[in-house]
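For reference, the sequence and a predicted model appear below.
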Amino acid sequence: MENKKKILLVDDEESITRMLKLYLDRRGGFEVRTENRGSHAVQVARDFRPDLIVLDIVMPDADGGAIAQDLGDDPELTSVPIVFLSAIIKEKEMGGQGQAIGGSGHTYLAKPVEPDVLIGHIQERLGV
Amino acid sequence: MTATDQWGIRPEHARFLPEWARSESRNGEPSDRPVPLRGLLISAGALVVAVLISAFFTDSIESDQDLVWSLAILPALLLAYHKGWKRVTLALAVGLAVLWSTYAVGYTLSLPVADWPAFLPVISAFIAISLGSGWMSEAQATVDELRAKEAELLESYVVLQASHEAHKSAQLQLIHVDKLESVGLLAAGVAHEVKNPLMTILSGIQYLREFDPPEDDEIKQLLSDMWVAVRRADSVIKGLLDYARTRELVLKEGNVNELVDQTLAFVKHECEKKRINVTRDFEGDLPQVTMDGYKVQQVLVNLFTNAIHAMSEGGSLTVRTTCRSVQPQVEVLAGAHVGQDTDEIPSEVVVEVEDTGVGIPEQSLTKIFDPFFTTKPAGQGTGLGLAVSCQIMEMLGGTLGIQNCDSGVCARLVFRPQTGGAGAWKTRRRSSS
């Protein structure tokens, strides 16, 4: 059986998670789960045990930075790489934001990002 | 207006007056001698001289010769005039005139002029002049005082006017900042609400292109247009975010020449493509400038891009950097104290970007810093570049000015020293300016 990498997509925009899931599924090699409620993200991650999380920063019910902090505090999830997506922060500004979020080594991308660019970063982080 | 002292005597003439007659004593303090008395003293002195001369003529020589001999007073009159002894000159001139006219009238009417003591009319004239001179001095002093007050008023008016202009400018700036802040608040909200749908559309376009590629050329073109439209919308939102972000500065000391060079490298390819000749005219020893390098680079990119867009048929782009001394009076008006306790004077660094393009229509010049105003064709400009640039420069305490010049458009960035704060940059020595 093919060892698929597990990816959790967390974004309050259903259209985005649906579209990205569709794209990642068609590209193959990934097992994708989506979550549109930021407040449920940590729990879903504990259940799903993803290899990588794509995380929106600004969500109505939770803050991406706080979610990353909770994930970092969880010994089971602390090493899971995160790719942040943001609609209000630009790439060049995200270096500083990353330190504030508390996790170095995360990737920051500004929306709208082309899916193949996103996949490029995902593959780089996963080493595939 | 000729400068005179409070008594109406020119400074260059005052040194010829005896000390008691000067308006200032030796230590420079104004004399408290009353004006009429001084006038009287001067006139009395002249009177004594004139009387002695007249008496001498009357006693020793035929009376009808007095008129001729009185011409001897003329050298004294000329000397007094030359020395600038205004009142002595006046006294002698009027004395002579009265003397001569008395004789003229006397001889015409066959009066026994020869029997009169020659100094009688002179004495009468000098008494009148002595009194008149005092009054004139007083009147002159009043006029001088009024003139001094008028000059003071004029000076105050100029200062007030400058202050008024400064306040007006500050007020306009406040309104501008207020406007910018509103746009900034709006920007974050709009960015979030627009970028998410844009991401969905972008993902959808790429999905269709990759997994369900259309064979029909029209559909391919349609997808391509959609892609461009999404990117265009995104660039507007990015511009808005820049607009909102300019309030956050990361200040560091840097060299403007190096920054301009780095930024020119960004547009090198575009310049070559458009056959634009780039000329660097940099002043060598620019002082370090406290600035946000990334944001200043953003400003420069905006200016270079505008210049390149204005020269679609080729041309030349000149970038000039200079350092110049800050005008002291500007600093005084701004209430800052600079360059008083050191031998350094504050300097400002100026970057000029000049193109040979089409220029800006006169009616557009007042609007070029307004958000969303653009003279470029649809899709080529968001109308935020100059608005953002202007705000960045204001945040840095500098200015951005744009005007049409002989060749095309000249944009001028001025980086000012930030006085009185940690951000103050090094100033150049007087000797090197």
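Noted; the coordinates are in hand. Quick caveat, the model's predicted, so the values are computed rather than measured. Residues are numbered from 1 along each chain as shown, chains lettered A, B, ... in the order given.

Quickly find the element holding the residue in the stretch 251-400 of chain B positioned nearest to chain A.
Distances between the stretch 251-400 of chain B and chain A by CB to the nearest CB are smallest at residue B:294, namely 7.2 Å. No exception for glycine: its C-beta is placed from N, CA and C like everyone else's. Counting by DSSP states H and E, the element that carries residue B:294 is helix B:293-310.

Report the backbone C-alpha coordinates of that helix in CSV.
C-alpha atoms of helix B:293-310 as CSV (Å, rounded to 0.1, in the frame of the first residue of the first chain):
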residue,chain,number,x,y,z
GLY,B,293,15.4,50.5,3.9
TYR,B,294,12.6,48.2,2.7
LYS,B,295,10.1,50.9,2.6
VAL,B,296,12.4,53.4,1.0
GLN,B,297,13.1,50.8,-1.6
GLN,B,298,9.4,50.5,-2.2
VAL,B,299,9.2,54.2,-2.8
LEU,B,300,12.1,54.1,-5.2
VAL,B,301,10.6,51.1,-7.1
ASN,B,302,7.4,53.1,-7.4
LEU,B,303,9.2,56.2,-8.8
PHE,B,304,11.3,54.1,-11.2
THR,B,305,8.3,52.1,-12.4
ASN,B,306,6.4,55.4,-13.1
ALA,B,307,9.3,56.8,-15.0
ILE,B,308,9.6,53.6,-17.0
HIS,B,309,5.9,53.6,-17.8
ALA,B,310,6.2,57.2,-18.9
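
which helices and strands sit right next to it?
helix B:256-273, strand B:315-325, strand B:347-354, helix B:385-395, strand B:409-415 (3 or more CB pairs under 8 Å, 6 or more residues apart in numbering or on different chains; DSSP states H and E).

and residue B:104, which of these is closest to it?
Nearest of the helices and strands packed on helix B:293-310 to residue B:104, taken as CB to CB: strand B:315-325 at 67.4 Å.

Which positions within the closest one qualify as buried?
For strand B:315-325, the neighbour count (16 or more other CB atoms under 10 Å in any protein chain shown) marks B:315-321, B:323 as buried.

Now do that strand: which elements does it pack against?
So strand B:315-325, by 3+ CB pairs under 8 Å, 6+ apart, packs with helix B:256-273, strand B:276-282, helix B:293-310, strand B:347-354.

TSV for the ones you listed, including mean neighbour count?
Below are the helices and strands packed on strand B:315-325 laid out as TSV (neighbours: other CB atoms under 10 Å in any protein chain shown):
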stretch	mean neighbour count
helix B:256-273	15
strand B:276-282	14
helix B:293-310	22
strand B:347-354	22
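
possible to save these as a markdown table with distance to residue B:362 and mean pLDDT?
Supplementary listing: those in a markdown table, determined by distance: least, CB to CB, whole Å; pLDDT from 0 to 100:
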| stretch | distance to residue B:362 | mean pLDDT |
| --- | --- | --- |
| helix B:256-273 | 27 | 88 |
| strand B:276-282 | 25 | 92 |
| helix B:293-310 | 15 | 88 |
| strand B:347-354 | 18 | 90 |
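
Distance to residue B:366 for those - can I get that in a markdown table?
Shown next, in a markdown table, are the helices and strands packed on strand B:315-325 (distance: least, CB to CB, whole Å):
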| stretch | distance to residue B:366 |
| --- | --- |
| helix B:256-273 | 27 |
| strand B:276-282 | 28 |
| helix B:293-310 | 17 |
| strand B:347-354 | 20 |
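
who wins for proximity to residue B:190 among the ones you listed?
helix B:293-310 (19.8 Å).

what's the following helix or strand after whichever strand or helix holds residue A:67?
Taking DSSP H and E as the definition, residue A:67 sits inside helix A:64-73. As assigned by DSSP H and E, the chain's next helix or strand after helix A:64-73 is strand A:82-86.

got the angle between that following strand and helix A:64-73?
Between strand A:82-86 and helix A:64-73, the angle comes out at 170 degrees (axes from the mean of the first three to the mean of the last three CA atoms, to 10 degrees).

how distant is strand A:82-86 from the center of its chain?
Put simply, strand A:82-86 sits 5 Å off its chain's centre (CA atoms, centre = their mean, to the nearest Å).

now what about that strand, what contacts it?
By CB atoms under 8 Å, 6 or more residues apart in numbering or on different chains, the residues outside strand A:82-86 that reach it are A:11, A:52-58, A:64, A:68, A:71, A:94, A:97-98, A:101, A:103, A:106-111, A:113, A:118, A:121-122, A:125, B:199.

Mind giving me the packing neighbours of the lengthiest helix in chain A?
If each helix of chain A is counted by residues according to DSSP state H, the longest one is helix A:14-27. Helix A:14-27 sits against strand A:5-10, strand A:30-35, helix A:115-126, helix B:119-211, with contacts defined as 3+ CB pairs under 8 Å, 6+ apart.

what is the mean pLDDT for that helix?
Mean pLDDT, helix A:14-27: 91.

Can you check what angle separates it from strand A:5-10?
Interaxial angle, helix A:14-27 versus strand A:5-10 (the same axes, to 10 degrees): 170 degrees.

Quick check: phi and psi on the nearest residue to residue A:117 once chain neighbours are set aside?
Nearest non-adjacent residue to residue A:117, counting by CB to CB, 6 or more residues apart in numbering or on different chains: residue A:109, 7.3 Å away. Dihedral angles phi and psi of residue A:109 (degrees, to the nearest 10) take the values phi -130, psi 140.

Those residues of chain A touching chain B, which are they?
Where proximity means CB under 8 Å from any CB of the partner chain, the interface of chain A facing chain B comprises A:13, A:15-16, A:19-20, A:22-23, A:26, A:58, A:85, A:87-88, A:90, A:92-93, A:110-116.

7 Å - rerun?
Residues of chain A lying close to chain B (CB under 7 Å from any CB of the partner chain) are A:13, A:15-16, A:19-20, A:22-23, A:26, A:58, A:87-88, A:90, A:111-116.

Only whichever of these are buried, select them in PyMOL.
Provided next is the PyMOL selection string for whichever of these are buried by 16+ other CB under 10 Å:
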select buried, chain A and resi 13+16+19+20+22+23+58+87+88+90+111+112+113+114+115
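
give me the number of residues near residue A:106?
19 (other CB atoms under 10 Å in any protein chain shown).

one step back: mind checking the helices and strands packed on strand B:315-325 for the one nearest to residue B:161?
Of all the helices and strands packed on strand B:315-325, strand B:347-354 comes closest under CB to CB, at 23.5 Å.

Render the CA-only coordinates of the closest one in PDB, please.
Extracted in PDB, the C-alpha atoms of strand B:347-354 (Å, rounded to 0.1, in the frame of the first residue of the first chain):
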ATOM      1  CA  SER B 347      22.200  68.200   6.400                       C
ATOM      2  CA  GLU B 348      19.500  66.600   4.300                       C
ATOM      3  CA  VAL B 349      19.900  63.900   1.700                       C
ATOM      4  CA  VAL B 350      18.100  64.400  -1.600                       C
ATOM      5  CA  VAL B 351      17.300  61.800  -4.200                       C
ATOM      6  CA  GLU B 352      16.100  63.100  -7.600                       C
ATOM      7  CA  VAL B 353      14.600  60.800 -10.200                       C
ATOM      8  CA  GLU B 354      14.200  62.400 -13.600                       C
END
